[in-house]
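> Test case, fold it:
(one chain, ligands or ions: 1)
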Amino acid sequence: AVTRTFSIIKPDATRRNLTGAVTKMLEDAGLRVVASKRIHMTKDQAEGFYAVHKERPFFGELVDFMTSGPVVVQVLEGEDAVKRNRDIMGATNPADAADGTIRKTFAESIEANSVHGSDSDENAAIEIDFFFDKDEIVG
Ligand code: CMP
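Below is the predicted model:
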């Protein structure tokens with residue numbers, strides 16, 4: 001089925017001017033950008049978005065990193081969008097990511113790993129709602 005997922009192009013990628021290169025890999029993987037905006041996340045936004053990781057030892061660093069520069073938040077649409085996006089992103093740790101994936105190609109570290117993507121349809125809906133109003137999504 002055609003579904004939607006939520007993606008973030010992270011500060012390590014925007015800093016290196018890779019917004020287009022990352023988006024091209026998403027598009028080449030069969031995903032369509034139906035919403036996109038460049039924002040500088042506030043600490044509150046980053047803490048809220050990553051609330052599920054609050055107890056993790058890396059939480060503070062993760063929030064600092066995600067607020068260290070601009071990000072591009074996107075809604076992606078396509079056949080099995082969550083899985084399609086996860087496949088093209090590759091493993092969280094670039095050292096484990098397969099050749100040809102975004103993280104293998106661009107990520108600097110497990111933290112500065114260039115992209116985020118939703119892990120389920122349920123979380124995709126929550127994450128899309130966190131950053132986008134309905135009228136900002138144009139399918
Ligand atoms: P993301 O898919 O955005 O979800 C949570 C993020 O936390 C993850 O990508 C990484 O950027 C980061 N992360 C996960 N594990 C670690 C770790 N062990 N150390 C630092 N950052 C991590």
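> near the ligand at all, the strand or helix carrying residue 65?
Remark: residue 65 resides in helix 59-66, with elements defined by DSSP states H and E. Yes. Helix 59-66 is in contact with the ligand by CB under 6 Å from any ligand atom, via residue 62. (Each C-beta comes from the backbone N, C-alpha and C, glycine too.)
> got the residues of this structure near the ligand?
Within the chain, the positions near the ligand by CB under 6 Å from any ligand atom are 53, 58, 62, 92, 110-111, 113, 116.
> and the residue nearest to residue 59 when sequence neighbours are not counted, how many neighbours?
Spatially, and ignoring its direct neighbours in sequence, residue 59 is nearest to residue 53 (5.3 Å; CB to CB, 6 or more residues apart in numbering). A count of nearby residues for residue 53, using other CB atoms under 10 Å, gives 13.
> mind checking the backbone torsions on residue 53?
Main-chain torsions, residue 53, degrees, to the nearest 10: phi -100, psi 10.
> Check what pLDDT it gets.
Residue 53 carries a pLDDT value of 97.
> Residues contacting the helix or strand where residue 124 lies, please?
Using DSSP H and E, residue 124 maps to helix 121-131. By CB atoms under 8 Å, 6 or more residues apart in numbering, the surrounding residues in contact with helix 121-131 are 3-6, 35, 37, 39, 48-49, 73, 75, 81-82, 118, 137.
> still on that earlier bit, Produce a ChimeraX select command limited to the buried residues of the residues of the chain next to the ligand.
Of the residues of the chain next to the ligand, the buried ones go into a single ChimeraX selection, burial set by 16 or more other CB atoms under 10 Å:
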select :62,111,113,116
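> Make a markdown table from the residues of the chain next to the ligand and add distance to residue 130 to it.
Putting these into a markdown table (distance: CB to CB, whole Å) gives the following:
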| residue | distance to residue 130 |
| --- | --- |
| 53 | 14 |
| 58 | 20 |
| 62 | 16 |
| 92 | 20 |
| 110 | 23 |
| 111 | 21 |
| 113 | 20 |
| 116 | 12 |
